[in-house]
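Please find the sequence and the predicted model below.
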Amino acid sequence: MSVATTTTIPAKPKAIKAAAAADAKDTKEIRAERSKAKASGLAANFSHARYVASKIFGLLVLVLLGVIVIFPVYYSFAGTLMQQQDIAAYPPAIWPKHGITWGNLATAAQIIPLFRQYVNSFGSTLIITVAQVLTSTLVAYALVVLKVRGASVWFTLFLGTMMIPGESVIIPNYLTISSLGLRNTFLALILPYLASGFGIFMMYSFMRQFPMELVEAARIDGASNLRLLWSIVLPLSRPAIASLAIYTFLTHWNGFFWPLLVTETPEMQTIQIGITQLQSPDNFNPGLVMAGAVLAVIPTLLIVILGQRQIVRGLTAGSTK
């Protein structure tokens with residue numbers, strides 16, 4: 001009877017070591033990948049935290065700047081409705097603690113011809129705005145679309161007027177107005193400002209971006225220069241026209257020196273000059289001064305709030321394509 005025997009072949013030592021080394025290498029690679037993933041996650045979290053912190057910091061800075069800008073305006077409106085004891089209190093009151101009073105506005109209307117000065121300011125500013133928009137648009141249309149002879153020379157001359165300081169032409173303008181016998185008249189407020197080199201430059205820069213193919217197509221269809229201006233150029237120029245109108249209105253509404261120079265009676269002066277007459281060294285009333293300032297700033301606030309986008313679009317016209 002024969003007995004079967006099983007022979008076990010021992011594994012080779014080199015193969016065992018190689019397998020162990022491969023397992024160790026795989027384990028190290030897995031650990032390295034895990035470490036990289038963990039580090040990447042930490043970096044991403046840190047980057048996100050830094051992004052959030054920068055946003056919060058930026059928001060806080062904007063809020064602080066907003067408070068610095070808005071608080072004087074708010075206090076002017078609040079001071080208009082405060083009684084004298086609230087304004088003179090220490091620390092100063094930031095709202096009417098002793099009730100709202102309309103006496104400051106009523107007193108301001110008694111000291112100066114408030115309605116007449118408002119009409120003078122609004123009327124002169126409106127006429128100047130319309131005139132500058134009209135002249136600037138027509139000049140830019142002639143230079144860009146009609147391409148009049150010597151357009152570059154004319155544009156250089158108009159551009160050169162922007163380099164002359166406004167203070168240097170005050171005396172010649174005043175002498176001209178005086179020689180014409182227009183001192184203390186409504187015409188004296190508006191005549192020197194019916195045209196503007198800045199307005200021409202602004203409309204010229206905007207119209208240079210026009211697609212001239214539209215102009216040529218309209219001419220082929222038989223459109224006259226007037227029809228071309230009314231149907232194509234003006235509709236495309238609305239952003240620039242609105243920006244120029246807002247900018248001109250704000251500039252001349254706040255004008256002070258020229259109206260002070262050419263007007264003599266309170267009935268012909270503007271609201272900006274009338275505000276200064278509310279200050280009295282003998283009986284100083286801050287509420288009265290703030291009432292006049294509020295009445296003068298209301299139109300500008302409304303225009304800035306409603307037209308700030310148009311102002312930015314118009315002032316950057318031509319800077320990008």
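Yes, it's here.

what are the phi and psi angles of residue 156?
Dihedral pair for residue 156: phi -60, psi -40, per degrees, to the nearest 10.

Return the distance of it relative to residue 89.
Going from residue 156 to residue 89 by Cβ to Cβ, to the nearest Å gives 60 Å. To be clear about C-beta, it is placed using only N, CA and C from the backbone, and glycine gets the same treatment.

More neighbours: which of those two?
residue 89 (13 against 10; other Cβ atoms under 10 Å).

quick one, what contacts that one?
residue 97 (Cβ atoms under 8 Å, 6 or more residues apart in numbering).

Would you mind measuring from it to residue 273?
In terms of Cβ to Cβ, residue 89 sits 31 Å off from residue 273.

Next, give phi and psi for residue 265.
Taking degrees, to the nearest 10 as the convention, residue 265 sits at phi -100, psi 150.

What of the one 4 residues further on?
Geometry field for residue 269 lists phi and psi as phi -80, psi 170, criterion degrees, to the nearest 10.

Please name the nearest non-neighbouring residue to it.
residue 263 (4.7 Å; Cβ to Cβ, 6 or more residues apart in numbering).

Make sure that neighbour is actually in contact with residue 189.
Yes: Residue 263 is in contact with residue 189 according to Cβ atoms under 8 Å; the separation is 7.4 Å.

Show me which of the two is the more surrounded one.
With neighbours defined as other Cβ under 10 Å, residue 263 and residue 189 compare such that residue 189 has more, 27 against 21.

Just the element for that one, please.
helix 186-190 (DSSP states H and E).

Take whichever helix or strand comes after that helix, keep the C-alpha atoms, and write them as CSV.
Sequence-wise, the next helix or strand downstream of helix 186-190 (DSSP H and E) is helix 197-207. Output of helix 197-207 as CSV, limited to C-alpha atoms (Å, rounded to 0.1, in the frame of the first residue of the first chain):
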residue,chain,number,x,y,z
GLY,A,197,-16.5,123.6,-25.3
PHE,A,198,-16.9,120.7,-22.9
GLY,A,199,-20.3,119.9,-24.3
ILE,A,200,-19.0,120.0,-27.9
PHE,A,201,-16.1,117.7,-26.9
MET,A,202,-18.5,115.3,-25.2
MET,A,203,-21.0,115.0,-28.1
TYR,A,204,-18.1,114.8,-30.6
SER,A,205,-16.5,111.9,-28.8
PHE,A,206,-19.9,110.1,-28.6
MET,A,207,-20.9,110.6,-32.2
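
now helix 197-207: how far from the chain's centre is it?
18 Å (Cα atoms, centre = their mean, to the nearest Å).

Could you list the residues in contact with that helix?
By Cβ under 8 Å, 6+ apart, the list of residues contacting helix 197-207 from outside reads 132-133, 135-137, 139-141, 143-145, 155, 158-162, 233, 237, 239-241, 243-244, 248, 314-315, 317-318.

Try it again at 6 Å.
Around helix 197-207, the neighbours that count as contacts under Cβ atoms under 6 Å, 6 or more residues apart in numbering are 132, 136-137, 139-140, 143-144, 158-159, 161-162, 240, 244, 317-318.

I am finished for the moment; much appreciated.
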